[in-house]
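Engineer: Kindly generate the corresponding structure for this input.
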Amino acid sequence: MSKYPSNIFEIRPKDNAFTAEQNTAKIIPVIHRNYYVFNVGRVPVRAEVHVGTSLGWYGKAAGPVEVLPGEEAILDMSTKNYVASAVKVYNDYSLRALVHVGKDDASDWSGKPKAPLKVDINEVGKTLVKFSPGNIPPVGDKLDPLMDFFFPQREIVWGIVFDDAVQFPSKVKMDIRQLRTKLINLNALLETTGVNVSFQFMQLMEELTGFEKKFVTGKEADRTNYANYISLPYYSCMVSLKMCLYQFGITNKNKLNLMDEQVRRLLLLSKELIEDKNDGAVTYINELTKFIINDQYKTCDPQQVFDALATTRTYCGLAGTGFIPYWKGILKNPFWKKKAYNDVVVFSTYFGRPSPLLYRQLAEENVPEPLLPQLVGETRNKLQAIDVWFWRQNYKSPPKIGGLSIRFSNGNVKNTGGFTNEGRSFVFGDVLLVSLKVWGDGCINGLEFTSSDGRKQKCGCALGMFEREAAPFPPLPLPLPLPPKVVDRRSHRVVAQSAG
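Structural biologist: I've put the predicted structure just below:
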């Protein structure tokens with residue numbers, strides 16, 4: 001399935017540009033559709049409608065109106081006839097603006113991506129998930145499970161290649177092979193009765209100091225770059241391997257014949273590896289993640305805002321920030337034997353008809369709920385229930401989706417759309433929502449929720465883009481009480497009237 005055009009326009013810093021337009025291609029003026037402006041980006045913009053003929057622009061018809069980030073405006077064109085009109089958007093800030101501009105009926109959207117993204121997160125993500133923190137085996141009294149995970153026989157994590165532009169020096173590849181050999185030899189000594197391996201083990205731990213920096217290019221002041229973004233899985237995998245080995249030494253002190261001083265050294269090495277303010281893994285990954293997300297916002301193809309940021313956020317989560325709670329958990333309690341909690345939220349690239357609001361949510365510096373559930377303590381805010389509100393054209397027509405109230409375990413409620421006296425509540429409790437099927441054309445007509453216990457629950461009607469007749473879903477339960485203090489997003493619209 002291909003993606004529909006999104007009508008997302010770029011306004012460069014301290015600049016202005018014409019965006020969507022309507023042109024009759026005739027001499028006789030006609031009424032134009034109202035323009036709809038939605039600020040997808042991070043800085044305020046000003047929008048106004050210019051009118052003219054084939055000879056050029058001669059005046060303004062509506063605006064200017066200021067549109068703040070995440071807000072929308074309607075530019076009214078209903079009072080006079082025009083030959084041609086276009087929306088001009090001004091950006092007074094030093095950061096690029098991203099704006100959706102189109103007709104208020106969402107027709108005739110245009111714009112195609114210039115080129116595919118360098119990373120296909122839908123494919124790369126499948127590999128990254130295999131080596132995520134949740135799949136790292138708990139550290140026990142044997143090295144074999146760690147060897148099988150970090151150096152599997154069939155699919156080796158160090159063999160992943162994401163971009164031909166990133167090629168590790170042959171010296172690095174040789175160092176990895178030598179490390180594997182040394183771990184195999186160490187494991188063989190551990191299995192030999194009566195052999196004291198404390199010296200060999202500690203010697204290897206000292207040799208590993210700074211090994212993760214082999215996957216970082218550039219000087220400390222210039223290490224936030226695309227090459228380091230691509231090689232982030234290697235960096236995080238090496239840090240995880242080192243943390244597992246440190247944990248192995250601490251928890252198997254007697255088996256390895258380690259002295260208290262050597263155990264303290266392992267604790268210090270692990271703390272410096274993760275928490276060093278200048279050179280630690282947490283500082284490095286957070287700086288790199290922030291840089292690459294902001295860089296994507298500033299430079300990506302406007303038509304690919306969602307896909308570019310979905311890819312970047314997912315990649316950085318699976319390959320970097322998702323490991324941080326795992327590493328901190330080992331620091332806090334080296335004797336921790338449970339599997340790590342995986343708090344990474346994976347965003348898929350989008351197919352079908354895009355929503356400007358959806359683009360906006362990923363363009364923000366911090367993705368809001370419900371797209372990204374908050375961290376509550378050390379776990380993600382859990383979805384508890386979804387209240388669905390319906391609207392009908394008349395009392396005989398099938399129900400369509402008018403609004404949603406999404407309720408989380410910590411009491412947060414996120415509302416979107418409009419609300420009526422007719423609705424249905426889907427309560428998930430301890431089960432998970434595993435898939436959501438949607439019917440619609442320009443608006444949502446029907447929903448089907450599938451939960452982890454196998455239940456399928458439907459509401460609305462199955463009327464899609466290529467269907468002429470609606471197929472109503474089963475009868476609805478009694479109406480729900482309206483949610484308290486609900487604010488419809490559309491109530492924030494700003495309407496700019498036509499001039500004259």
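Engineer: which residues in the stretch 51-200 of the chain form helices?
Structural biologist: Using DSSP state H, counting those that start in this stretch, the helices of the stretch 51-200 of the chain run over residues 121-130, 144-150, 170-190, 198-207.
Engineer: then the longest one to CSV, C-alphas only?
Structural biologist: Included here for helix 170-190 are C-alpha records, laid out as CSV according to Å, rounded to 0.1, in the frame of the first residue of the first chain:
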residue,chain,number,x,y,z
SER,A,170,39.8,-4.2,9.6
LYS,A,171,41.6,-3.6,12.9
VAL,A,172,38.2,-3.4,14.7
LYS,A,173,37.0,-6.6,13.1
MET,A,174,40.2,-8.3,14.1
ASP,A,175,39.8,-7.0,17.7
ILE,A,176,36.3,-8.5,17.9
ARG,A,177,37.5,-11.9,16.6
GLN,A,178,40.3,-11.8,19.2
LEU,A,179,37.9,-10.9,21.9
ARG,A,180,35.7,-13.9,21.0
THR,A,181,38.7,-16.2,21.1
LYS,A,182,39.8,-14.9,24.5
LEU,A,183,36.3,-15.4,25.9
ILE,A,184,36.3,-19.0,24.6
ASN,A,185,39.7,-19.7,26.2
LEU,A,186,38.5,-18.1,29.5
ASN,A,187,35.4,-20.2,29.4
ALA,A,188,37.5,-23.4,28.8
LEU,A,189,39.6,-22.5,31.9
LEU,A,190,36.5,-22.0,34.0
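Engineer: Show me what it is in contact with.
Structural biologist: For helix 170-190, contacts defined as Cβ atoms under 8 Å, 6 or more residues apart in numbering pick out 142-144, 147, 151, 158, 195, 197, 200-201, 204, 207-208, 211, 214-215, 255-256. In this view, the C-beta of every residue, glycine as well, is placed from N, C-alpha and C.
Engineer: Give me the average confidence score over stretch 232-240.
Structural biologist: Over the span of stretch 232-240, the pLDDT mean works out to 92.
Engineer: which residues touch that stretch?
Structural biologist: 128, 131, 133, 136, 150, 157-158, 160, 162, 168, 211-212, 214-216, 228, 273-274, 281, 284-285, 288, 315-316, 318-320, 323, 326-327.
Engineer: if we go to 6 Å?
Structural biologist: Stretch 232-240 has contacts (Cβ atoms under 6 Å, 6 or more residues apart in numbering) with 157, 211-212, 215, 281, 319-320, 323.
Engineer: what's the answer for stretch 304-323, then?
Structural biologist: Outside stretch 304-323, the residues that touch it by Cβ under 6 Å, 6+ apart are 8, 98, 113, 117, 119, 121, 128, 133, 232-233, 236, 285, 289, 292-293, 296, 300, 344, 346-347, 349-350, 359, 362-363.
Engineer: could you redo the last one with a cut-off of 7 Å?
Structural biologist: Contact with stretch 304-323 is made by 8, 40, 98, 113, 117, 119, 121, 125, 128-129, 132-133, 232-233, 236, 239-240, 285, 288-289, 292-293, 296-297, 300, 342-350, 354, 358-359, 362-363, 367, as judged by Cβ atoms under 7 Å, 6 or more residues apart in numbering.
Engineer: Narrow these to those that are buried.
Structural biologist: The neighbour-count criterion (16 or more other Cβ atoms under 10 Å) marks 8, 40, 98, 113, 117, 119, 121, 125, 128, 132-133, 232-233, 236, 239-240, 285, 288-289, 292-293, 296-297, 300, 342-344, 346-347, 349-350, 354, 358-359, 362-363, 367 among those as buried.
Engineer: Quick check: strands, which of these are part of them?
Structural biologist: Residues of the buried ones among the contacts of stretch 304-323 located in strands (DSSP state E): 8, 98.
Engineer: The buried ones among the contacts of stretch 304-323 in helices, which ones?
Structural biologist: Residues from the buried ones among the contacts of stretch 304-323 lying in helices, with DSSP state H as the criterion: 121, 125, 128, 232-233, 236, 239-240, 285, 288-289, 292-293, 296-297, 358-359, 362-363.
Engineer: what bits of the stretch 251-400 of the chain have low per-residue confidence?
Structural biologist: Within the stretch 251-400 of the chain, the segments meeting pLDDT under 70 span 339-340, 350-354.
Engineer: what ranges do the strands span in the stretch 351-500 of the chain?
Structural biologist: Secondary structure of the stretch 351-500 of the chain by DSSP state E, counting those that start in this stretch: the strands cover 375-376, 379-380, 383-391, 400-408, 413-417, 423-427, 433-440, 444-451, 456-460, 494-496.
Engineer: So which bits of the fifth one are buried?
Structural biologist: Spelled out, that is strand 413-417. Applying 16+ other Cβ under 10 Å to strand 413-417 flags 413, 415-417 as buried.
Engineer: Quick check: the farthest pair among these?
Structural biologist: Spatial extent of the buried residues of strand 413-417 (Cβ to Cβ) is set by the pair 413 and 417 at 13.4 Å.
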